[in-house]
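Participant: Sequence and computational prediction follow.
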Amino acid sequence: MKSLKAAAVVAGSVALAGVAAPAFAHNAADLTPTSLNGAVNRLTAQPLTPDDAMPLRHQSDALDTENKNSVLNTVKRAAGSLNQHTPLLGGLPLQS
């Protein structure tokens, strides 16, 4: 049984090393800037286009509760069905 535990430890450490290895494979120039100066430098590296200034040209209907395909409409319907009171006994509905 001890050899089985040792094999599990070795396999786990090899798997952990394989998961951690790609974290160091990034190029430092491709990282997102974390300072204000880095963000300004990244934004001004290329000239701004009108598409960059106006990314949304129309109003989105994603948060409209009346739209049948919106996320909030789905949440509203799910909340409504969960809030309907049906008497339960041990998780089973009671006969009326």
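Facilitator: On my side now, so go ahead. Predicted model only: the values in this text are computed from it and were never measured.
Participant: Need phi/psi at the residue positioned nearest the centre of the chain.
Facilitator: Centroid check for the chain by C-alpha atoms, centre = their mean gives Val71 as the closest residue, at 15.1 Å. Val71 adopts backbone torsions of phi -70, psi -40, taken as degrees, to the nearest 10.
Participant: swap in Leu88?
Facilitator: phi -120, psi 150.
Participant: Tell me the confidence at it?
Facilitator: On pLDDT, Leu88 comes in at 78.
Participant: Bridge partners for it, pull those for me.
Facilitator: Following DSSP bridges, Leu88 is listed with bridge partners Pro93.
Participant: in what helix or strand does Ala8 lie?
Facilitator: helix 2-20 (DSSP states H and E).
Participant: what's whichever helix or strand comes after that helix packed up against?
Facilitator: Next helix or strand after helix 2-20 toward the C-terminus (DSSP H and E): helix 36-43. With contacts defined as 3 or more C-beta pairs under 8 Å, 6 or more residues apart in numbering; DSSP states H and E, helix 36-43 has no helix or strand neighbours. (Each C-beta comes from the backbone N, C-alpha and C, glycine too.)
Participant: Any idea how far the one helix or strand Val75 maps to is from the middle of the chain?
Facilitator: If you go by DSSP H and E, Val75 is part of helix 71-82. Here helix 71-82 is found 21 Å from its chain centre; the criterion is C-alpha atoms, centre = their mean, to the nearest Å.
Participant: Can you list the buried residues in that helix?
Facilitator: Under the neighbour-count criterion of 16 or more other C-beta atoms under 10 Å, helix 71-82 has Asn73 buried.
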